[in-house]
Every structure is written in C-alpha cells, then in structure tokens.
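Visitor: Provided below for reference: sequence and predicted model.
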Amino acid sequence: MAKKKHNELWIITGAAGTGKNTVSEYLYSQYGIPRVLTHTTRAPRSGEQNGVSYYFETPETFAQKHLIEQVTYDGHQYGSSREALQKAWEKHRIVSLVLDTEGAKSYIETFGNHIFLLFITVRHPDSLRQRMIDRGDQPVAVEARLHSPEYQRDLKLPEELVPVAHLIHNDTWVEAKQEIDALLKREAVRMASEEL
Ligand SMILES: Nc1nc2c(ncn2[C@@H]2O[C@H](COP(=O)(O)OP(=O)(O)O)[C@@H](O)[C@H]2O)c(=O)[nH]1
Ligand SMILES: Nc1ncnc2c1ncn2[C@@H]1O[C@H](COP(=O)(O)OP(=O)(O)O)[C@@H](O)[C@H]1O
C-alpha cells in the first residue's frame, strides 16, 4: 500500500542579496511551491507590500504573534508564526520559508525530517552590495546590512547545517536555475521511490 506523504517545509537561507527571494519566487512559479510569509519590524523597501513580502509589524503588534522562533537581524525583529505555517500546509503539502541561518537551525530542531534545506551562496560576495543597490535598497541600509554580524555570519553555512544543506550557487541565475532543477528532479525520484 502507498505510504501517506508527510508535509514538507523547504527552508531557503543564505546572506542578504544572495537570491533567497528570487529562488523562492522560482519555486512558486515553476513548481507551485508557495512561500509562508513571516513577520518583521523593519520598514518596507520600495516595492514591498504588507501581506505580500512580509507582514510588517510594530514592536507592539510583533509581540502579540505566536511565533515558532524569532531573531534580531541587523537591528530588526523577524519571526515566523505557527498559524501561517499551519494555514499554508492545509492548502499545500510542500511550502517554503525564507529564513536566516539561526532560524534554519531552530526549524531543523523542531521539525526534523519535515525540512528540506537550501543554502544560497555566491563565490563572489563582493557583488552583493551592487545587487542590493539595484534592488532599490537605501544606500545607508545596504551599508548597515553589509556590516551587520548577521550578514557576515550567513555568508558561510554553519557547521551544524552542513550535513543537511543543499547548496545552490547563484553567481549567475543560469547556474542557480540548473542546480535547482537538478535538485527538484532528484527529489521527485526520491519521493516516487518512497511511495512504492
Ligand atoms: N529566523 C528568521 N529569519 C527571518 C524571518 N523572516 C525573514 N528572515 C530573515 O531575516 C534576514 C533579513 O531579511 P530582509 O531584511 O528581508 O533582508 P534580505 O536578506 O536582504 O532579503 C534574511 O536572512 C531573512 O531570510 C523569520 O521569520 N525568522
Ligand atoms: N544570479 C543573479 N545575478 C544578478 N542579480 C541577481 C541574481 N539573483 C538575484 N538577483 C537580484 O539580486 C537582488 C537580491 O536578490 P534577492 O532574491 O532579493 O536576495 P535575498 O532574498 O537573498 O536578499 C534582487 O534584485 C534580484 O533580482
């Protein structure tokens, strides 16, 4: 008899500008894997909308959420709520979540084998400042981000995540797309064999 497939959470992590959101958008447009929105107290960037990019919160409204985990990143609070994850899983068996590496570690501890982890990386981090500028981030915010300990930390995959992470190299989108497509193909084969 076929086994019942369990829900999965694809976590996308890596430093700012490496392409986490680009990958998440691609997983949705190409493979129908939607992203679970998270909450933050940072101000919206140009083009970001409440309920589309994030739930933008004040420190007071942020404190009222039922969060699975929360972090301070570059001076702002970020957190992911249990309600948003449950709601997303009710509609889709596989969903994605974009997190910093601390959040990724918390989720691995909490959800174990429900997690599929992607670490987005570039061989030339010098290019990331320009990417953030081109994205429309304020120059002051870009400099703060580049000098934050969290950004510096997330350029490198933490030791604990090495055994479970799938690396995606995004110096060029052609390469990243190829790696993602190859990974998805392998996963589809693995999932099909588990159903036998
Ligand atoms: N742990 C955790 N990290 C989050 C959450 N939401 C967003 N992040 C991460 O917080 C960091 C800063 O996000 P953001 O300000 O949007 O900057 P970006 O990395 O340039 O897109 C990124 O690594 C996000 O993936 C969350 O709910 N929990
Ligand atoms: N391979 C790439 N080459 C050049 N620019 C890219 C590439 N991948 C993403 N970008 C652009 O770089 C900026 C940062 O990407 P984004 O996905 O927002 O990163 P993150 O979510 O990790 O901060 C965006 O403007 C995005 O369109």
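Guide: That came through, no problem. Ligands and ions are numbered 1, 2, ... in the order given.

Visitor: where in the chain is pLDDT low?
Guide: For the chain, applying pLDDT under 70 flags the ranges 1-4, 195-196.

Visitor: Let me see the backbone angles for residue 99.
Guide: Torsion angles at residue 99 (phi, psi; degrees, to the nearest 10) stand at phi -140, psi 160.

Visitor: Return the residues in contact with it.
Guide: Applying C-beta atoms under 8 Å, 6 or more residues apart in numbering to residue 99 gives the contacts 11, 12, 13, 38, 80, 107. No exception for glycine: its C-beta is placed from N, CA and C like everyone else's.

Visitor: Counting neighbours, what do you get for the second one?
Guide: Summarising burial for residue 12: neighbours were counted as other C-beta atoms under 10 Å, giving 24.

Visitor: Identify the bridge partners of it.
Guide: Legend: beta-bridge partners of residue 12 under DSSP bridges are residue 98, residue 118.

Visitor: With adjacent residues omitted, what lies nearest to residue 136?
Guide: The shortest distance from residue 136 to any residue other than its chain neighbours is 4.4 Å, reached at residue 46 (C-beta to C-beta, 6 or more residues apart in numbering).

Visitor: Using the three-state scheme, assign that neighbour.
Guide: Classification of residue 46 by DSSP: H, G, I helix; E, B strand; the rest coil places it in coil.

Visitor: quick one, phi psi at it?
Guide: Residue 46 has phi and psi values of phi -60, psi 130 when expressed as degrees, to the nearest 10.

Visitor: Pretty sure it sits against residue 133.
Guide: No. Under the criterion of C-beta atoms under 8 Å, residue 46 makes no contact with residue 133, lying 11.9 Å away.

Visitor: re earlier: and the contacts of residue 99, which is closest to ligand 2?
Guide: residue 12 (8.1 Å; C-beta to the nearest ligand atom).

Visitor: and the longest helix for this protein?
Guide: In the chain, taking DSSP state H as the definition, the longest helix is helix 173-195.

Visitor: helices or strands up against that one?
Guide: The contact analysis (3 or more C-beta pairs under 8 Å, 6 or more residues apart in numbering; DSSP states H and E) places helix 173-195 against helix 20-31, strand 115-121, strand 165-169.
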